[in-house]
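S.K.: Model the following, please.
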Amino acid sequence: MKTATTKQQLITFFIATYCISWLLFFIGHKAQLMPIIMLGIWTPSLTSIGLTFYFFGKKGLSQLFGRFKRFKVKWYWWVLLILLPVSIHFVGRSLWQIFYEGTINPFHLKPAYWLGAIIPSFIIAGFGEELGWRGFALPRLQRHFSPVKAALILATIHLLWHLPTYWLGQGMHSVPFLFVLAFVFPWTFIFNWLYNKSGGSLIFAVGFHAISNASLSIIRFMPLESEVPITPKLLTQWSLPTDLAGPYLTVCGIYALVALLVVFKGRFNKVNTDIP
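M.R.: Numbers count the residues shown, from 1 in each chain. Below is the predicted model of the structure:
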């Protein structure tokens, strides 16, 4: 067990996560080995576990994993956890379709399709990242910054961590980077709010990220990668044809409205700062 301030723990976590992830992404891409890339994706959670043990020992790990036992949350928060992302995506895409096409196209309702989307999302994004971003980083950020500043910092760090995926050709939204900004920042505000309302439950942290990612497939509002390949060109690209940009930006607009609602009406200042 080592002594370090929460700020030192945060800095160590961010530096270690970036360095290890990006190195694994580079090696995996060059060697064309997906397991190494997967380890890079899992680095935020693995780093969180390693640093928690380093700073707090076995007791710290027990307390960290104990947050998976925080399931005594009022029923309506569970409803929001399960339905909020897909509802935002559906409303945003439907509004665009009504405006642009004059009709609403159905989305995938087959249970097998939902399971095919949700299970990988839990394994990759949920468990792979969220013991780090919400489990380790957010409580420490909220000890030192206002909830709004903490959300802005975490959104920025989380977003920039994804930069190498433009060279990997996967793992990012198939739209210009500028558009992704409009998605990630309000999404993070909503995510942090729901995590705090759950009392710092890692079930909610892992679940919201996984359900959000699965909802991207269940209700498609992004261009297909055959239409907009994920390449470094998207980092400097400013626009897309209207029929490709419209659905995505409309969904981003709904996310922004919901984020404003939770910040100003959702008691956003009540946060969870459990450490470890």
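S.K.: now Ile37: how far from Ser212?
M.R.: 21 Å (Cβ to Cβ, to the nearest Å). For glycine as for every other residue, the C-beta is placed from the backbone atoms N, C-alpha and C.
S.K.: between the two, who's got more neighbours?
M.R.: A side-by-side neighbour count of Ile37 and Ser212, using other Cβ atoms under 10 Å, places Ile37 first with 23 against 20.
S.K.: Which strand or helix spans that one?
M.R.: Ile37 belongs to helix 34-65 when assigned by DSSP states H and E.
S.K.: Check what pLDDT Pro232 gets.
M.R.: Per-residue pLDDT puts Pro232 at 96.
S.K.: right, I mislabeled it, should have said Trp114
M.R.: 73.
S.K.: From Arg70, how far off is it?
M.R.: 25 Å.
S.K.: wait, isn't Asp243 in contact with Tyr100?
M.R.: Yes - counting by Cβ atoms under 8 Å, Tyr100 is a contact partner of Asp243 at 7.1 Å.
S.K.: So which bits of the helix holding Ile37 are buried?
M.R.: Judged by neighbour count using 16 or more other Cβ atoms under 10 Å, the buried positions of helix 34-65 are 36-37, 39-49, 51-53, 55-56, 60, 64.
S.K.: do stretch 252-264 as well
M.R.: Neighbour count says stretch 252-264 has Cys252, Gly253, Ile254, Tyr255, Ala256, Val258, Ala259, Val262, Val263 buried, by 16+ other Cβ under 10 Å.
S.K.: Would you format those residues as TSV with distance to Leu84 and secondary structure included?
M.R.: Output for those, formatted as TSV (distance: Cβ to Cβ, whole Å; DSSP: H, G, I helix; E, B strand; the rest coil):
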residue	distance to Leu84	secondary structure
Cys252	15	helix
Gly253	16	helix
Ile254	11	helix
Tyr255	10	helix
Ala256	14	helix
Val258	8	helix
Ala259	11	helix
Val262	10	helix
Val263	15	helix
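S.K.: Closest one of these to Glu129?
M.R.: Each of the buried residues of stretch 252-264 was scored against Glu129 by Cβ to Cβ, and Tyr255 proved nearest at 18.9 Å.
S.K.: which residues touch that closest one?
M.R.: For Tyr255, the contacting residues are Ile88, Gly92, Ala182, Phe183, Pro186, Trp187, Ile190, by Cβ atoms under 8 Å, 6 or more residues apart in numbering.
S.K.: cool, Gly266 as well?
M.R.: So Gly266 contacts Trp193, Lys197 (Cβ under 8 Å, 6+ apart).
S.K.: go again using 7 Å as the cut-off
M.R.: Going by Cβ atoms under 7 Å, 6 or more residues apart in numbering, Gly266 touches Trp193.
S.K.: what's the distance between the residue lying closest to Ser21 once chain neighbours are set aside and Gly207?
M.R.: Leaving out its chain neighbours, the residue that sits closest to Ser21 by Cβ to Cβ, 6 or more residues apart in numbering is Thr43, at 4.1 Å. Thr43 is 20 Å from Gly207, where distance means Cβ to Cβ.
S.K.: any idea which residue sits dead centre in this protein?
M.R.: His209 (4.9 Å; Cα atoms, centre = their mean).
S.K.: mind checking which helix or strand that one is in?
M.R.: Per DSSP H and E: helix 202-218 holds His209.
S.K.: again with Ile190
M.R.: Assigned by DSSP H and E, Ile190 belongs to helix 177-197.
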